[in-house]
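Student: Next comes the sequence, and after it the predicted model I'd like to discuss.
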2 protein chains.
Amino acid sequence: MPIAVSVDPALRLEATDFTDALLEIVRVIQFRDRDRACCYGLSPSQCYGLKAICDGDSLSVNELAARLYLEKSTASRLVNSLVDLGFVFKEPNPEDRRILRIRPSPRGEAIHQAIMDDLLSESVRMLEHLDGKARKALTGVVRELASSYAAGVEAGGGSCCVVR
Amino acid sequence: MPIAVSVDPALRLEATDFTDALLEIVRVIQFRDRDRACCYGLSPSQCYGLKAICDGDSLSVNELAARLYLEKSTASRLVNSLVDLGFVFKEPNPEDRRILRIRPSPRGEAIHQAIMDDLLSESVRMLEHLDGKARKALTGVVRELASSYAAGVEAGGGSCCVVR
DNA sequence: ACTATTAGTTGTATGCAACAACTGATAGGA
DNA sequence: TCCTATCAGTTGTTGCATACAACTAATAGT
């Protein structure tokens, strides 16, 4: 199993730091204010849901579930909770009456914007003291990282801690 | 609240991408294999717990709780679950018999090592095709981000989506 | 028209978290 | 020395997010 044994020690060291930091971020975000209001009265799940709904183009419940890697039943309940909060509404689809189109309400859109602005300002704080080139490289890598992780999930592998 | 309105549009755009990617990563890691075995039969929480215990120096239950931002009761149960699995044991402390020193068993240590190696190899895969400078920048920013998040939690503010 | 498939909902069970109440150990004064 | 306050950890209870399975309603295919 010691895959990492064969790599350049410097890289290995950096990768260790990187892993640690990433885990720390995830853990903090994941466990922070688990049950209490996280942002503007939304739970983390609701935040992600609202974001996906605002970013997407009137997603269906199934599409939302796929986007968030959730069971459709969970997605259904998530949507309902957002509906109850008045941040989102379900639009019937005349084309196919099984499908619901989930769209943000103006209020939901506003909250989403506010949340994103908050997060954005944090990112800006991180990035602003890098020169343009380094910034580009960095954002590129982070994006690649995200795709790679997403691909890993889609492949069903799931590897928070891989069992290969 | 539109803090970001005043920043350079190019930076703003990049920061948006950056934020999106980061959120995606967190979400993927967070929701992957939520309840099913995540790594070698450990839940994500148990992974974090084991890692903290192995990284730390015979933590007490309270110290573990602080480290993971958990309630002490939750930490207590987390430790018990790891004890049941044989990955960890509680050592009484003669100095102060209220306090338990939590230490990994050899088996727990081994599992922890294996998990870390798996994660490490994933990070290495991400980082290895970057040149040294970009790598340094990336790990630096991710680490800074982690500190920033952690500080946010310690300040009690909680800012998955900050309400300032 | 009958059957299979698809979208979404609801029932149920599980796991992780918090809070509160408790036990036992320690510390600090009167 | 006791009496009280504090501290470490455990246990009881509750609530929430999730998955899985069973269901309903709508559509598609033959």
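Tutor: Great, that's in hand.

Student: Can you name the residues of chain A that neighbour DNA strand D?
Tutor: Contacts of chain A with DNA strand D, taken as C-beta under 7 Å from any atom of the strand, map to A:35, A:43, A:45-46, A:69-71, A:73-74, A:77-78, A:81, A:96-98. C-betas here are computed from N, CA, C, even on glycine.

Student: Compare these and tell me which is most surrounded.
Tutor: Greatest neighbour count in the residues of chain A next to DNA strand D, by other C-beta atoms under 10 Å in any protein chain shown, goes to A:Leu78: 25 neighbours.

Student: Now it: phi and psi?
Tutor: phi -60, psi -50 (degrees, to the nearest 10).

Student: residues in contact with the residue nearest in space to the middle of chain A?
Tutor: Geometric centre of chain A, nearest residue: A:Tyr48, 5.7 Å, by C-alpha atoms, centre = their mean. Neighbouring residues of A:Tyr48 by C-beta atoms under 8 Å, 6 or more residues apart in numbering or on different chains: A:68, B:23, B:27.

Student: Next: A:Ser148.
Tutor: Here A:Ser148 is in contact with B:125-126 (C-beta under 8 Å, 6+ apart).

Student: pLDDT at it, what is it?
Tutor: For A:Ser148, the model assigns a pLDDT of 78.

Student: isn't there a helix covering it?
Tutor: Yes - counting by DSSP: H, G, I helix; E, B strand; the rest coil, A:Ser148 is part of a helix.

Student: A:Asn93 reaches A:Ile102, doesn't it?
Tutor: No - the pair A:Asn93 and A:Ile102 fails to qualify as a contact (C-beta atoms under 8 Å) at a distance of 10.6 Å.

Student: Tell me which residues touch A:Glu63, please.
Tutor: A:Gly56 are the contacts of A:Glu63 under C-beta under 8 Å, 6+ apart.

Student: Any idea how many residues pack against A:Pro9?
Tutor: A count of nearby residues for A:Pro9, using other C-beta under 10 Å, gives 9.

Student: Distance of it relative to B:Val124?
Tutor: Applying C-beta to C-beta, to the nearest Å, the value for A:Pro9 to B:Val124 is 11 Å.

Student: what are the ranges of the helices in chain A?
Tutor: A:9-31, A:44-55, A:61-68, A:72-85, A:106-127, A:132-154 (DSSP state H).

Student: Can you list the buried residues in the shortest one?
Tutor: The reference is to helix A:61-68. Across helix A:61-68, burial judged by 16 or more other C-beta atoms under 10 Å in any protein chain shown covers A:61, A:63-65, A:67-68.

Student: would you list the residues you listed in a markdown table and tack on pLDDT?
Tutor: Shown next, in a markdown table, are the buried residues of helix A:61-68 (pLDDT from 0 to 100):
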| residue | pLDDT |
| --- | --- |
| A:Val61 | 97 |
| A:Glu63 | 96 |
| A:Leu64 | 96 |
| A:Ala65 | 95 |
| A:Arg67 | 91 |
| A:Leu68 | 90 |
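
Student: got those residues as TSV, with distance to B:Arg143 columns?
Tutor: Output for the buried residues of helix A:61-68, formatted as TSV (distance: C-beta to C-beta, whole Å):
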residue	distance to B:Arg143
A:Val61	38
A:Glu63	35
A:Leu64	33
A:Ala65	34
A:Arg67	29
A:Leu68	27
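
Student: DNA strand C next: which of those are close?
Tutor: Contacts with DNA strand C are made by A:61, A:63 out of these, judged by C-beta under 7 Å from any atom of the strand.

Student: with the buried residues of helix A:61-68 in mind, which one is nearest to DNA strand C?
Tutor: Nearest to DNA strand C, judged by C-beta to the nearest atom of the strand, of these is A:Val61 at 3.6 Å.

Student: right, and the closest one touches A:Ile102 too?
Tutor: Yes - here A:Val61 reaches A:Ile102: they are 6.8 Å apart, a contact under C-beta under 8 Å.

Student: Quick check: the gap between A:Tyr48 and DNA strand C.
Tutor: Separation of A:Tyr48 from DNA strand C (C-beta to the nearest atom of the strand, to the nearest Å): 17 Å.

Student: so where's chain A uncertain?
Tutor: The model of chain A has pLDDT under 70 over residues A:1-6, A:29-39, A:152-164.

Student: mind redoing it with 80?
Tutor: The model of chain A has pLDDT under 80 over residues A:1-7, A:25-41, A:122, A:126, A:129-134, A:137-138, A:141, A:145, A:148-164.

Student: Going by neighbour count, list what's buried in stretch A:46-54.
Tutor: Quick answer for stretch A:46-54 (16+ other C-beta under 10 Å): A:46-54.

Student: how about these in TSV, adding distance to A:Leu85?
Tutor: TSV is the format used below for the buried residues of stretch A:46-54 (distance: C-beta to C-beta, whole Å):
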residue	distance to A:Leu85
A:Gln46	8
A:Cys47	12
A:Tyr48	14
A:Gly49	11
A:Leu50	9
A:Lys51	14
A:Ala52	15
A:Ile53	12
A:Cys54	14
